[in-house]
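In: requesting a structural model of the entry that follows:
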Amino acid sequence: MIIKSANQLMNLMDQSPYEFVLNAKEKELKRISGCIYRTFNSDDLLFLINGLKRIYSQEDGLEKVARDGFSKEGKVKDTIVSIRSALLETPHLKRSEKHIANPQTGSAAKRINMFLRWMVRQDNAGVDFGIWKNIPQSKLICPLDVHSGRIARKLGLLSRKQNDWKAAEELTANLRLLNPDDPICYDFALFGMGVFEDRSKPE
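Out: A predicted model of the protein is given here:
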């Protein structure tokens, strides 16, 4: 379903999302309607497009926003807060804020941490792009959800019961003991083990 929705979105953007974000006219934006994916609807998408357009036209791009946040104290938490604050400067419906996680209120910010993994981390598997060069991959926070959290607890890598920001930091700190330079290289394994375990249970 995720891939199907992503393909539909790419088609709406004529397979050129960057150009679409910067140059789409009102007629093109009107093509966006209805539900995009689950609770993410057309109002949320239009807000995100307009937010990114403002960031790329007025703030030299999302990478600079992320870098400026990280440079405060060298923490990914500040990177995420900086991205969120920059996007929310664009007029939006209150409902749209739920789609941009806020670690300041305790969210594990799984999706944004995963996005940062794609943009920052270097790998040889063709998954993580590693095109942002100003945030060390050693500082990334492991994406945490119910699957990876459950496996991490079974392996003794996580003691905190909630899947929140403090838990994501605790898990990453323990993974950093295993691999200081690339702690979130274990993300795939933790998540995959959790999903496989769920699917192997009898219904």
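In: for the residue lying closest to residue 66 once chain neighbours are set aside, give its distance to residue 103.
Out: Of all residues not flanking residue 66 in the chain, residue 79 sits nearest, at 4.9 Å (Cβ to Cβ, 6 or more residues apart in numbering). From N, CA and C alone the C-beta is placed, and that goes for glycine too. Applying Cβ to Cβ, to the nearest Å, the value for residue 79 to residue 103 is 10 Å.
In: in which helix or strand would I find the residue nearest to residue 66?
Out: Assessed by DSSP states H and E, residue 79 sits inside helix 76-88.
In: show me what that helix is packed against.
Out: In terms of contacts (3 or more Cβ pairs under 8 Å, 6 or more residues apart in numbering; DSSP states H and E), helix 76-88 is packed against helix 42-58, helix 62-73, helix 110-120.
In: quick check: residue 40 vs residue 192, distance?
Out: 25 Å.
In: same question for residue 3.
Out: 17 Å.
In: tell me which of residue 79 and residue 103 has more neighbours.
Out: Neighbours per residue (other Cβ atoms under 10 Å) separate residue 79 from residue 103, with residue 79 holding more: 29 against 24.
In: need the residue closest to the centroid of this structure.
Out: Nearest to the geometric centre of the chain sits residue 112, at 1.9 Å (Cα atoms, centre = their mean).
In: that residue against residue 101, yeah?
Out: Yes - judged on Cβ atoms under 8 Å, residue 112 makes contact with residue 101 at a distance of 5.5 Å.
In: tally of neighbours for the residue nearest to residue 146 when sequence neighbours are not counted?
Out: The shortest distance from residue 146 to any non-neighbouring residue, by Cβ to Cβ, 6+ apart, is to residue 163 (6.3 Å). Residue 163: 21 surrounding residues under other Cβ under 10 Å.
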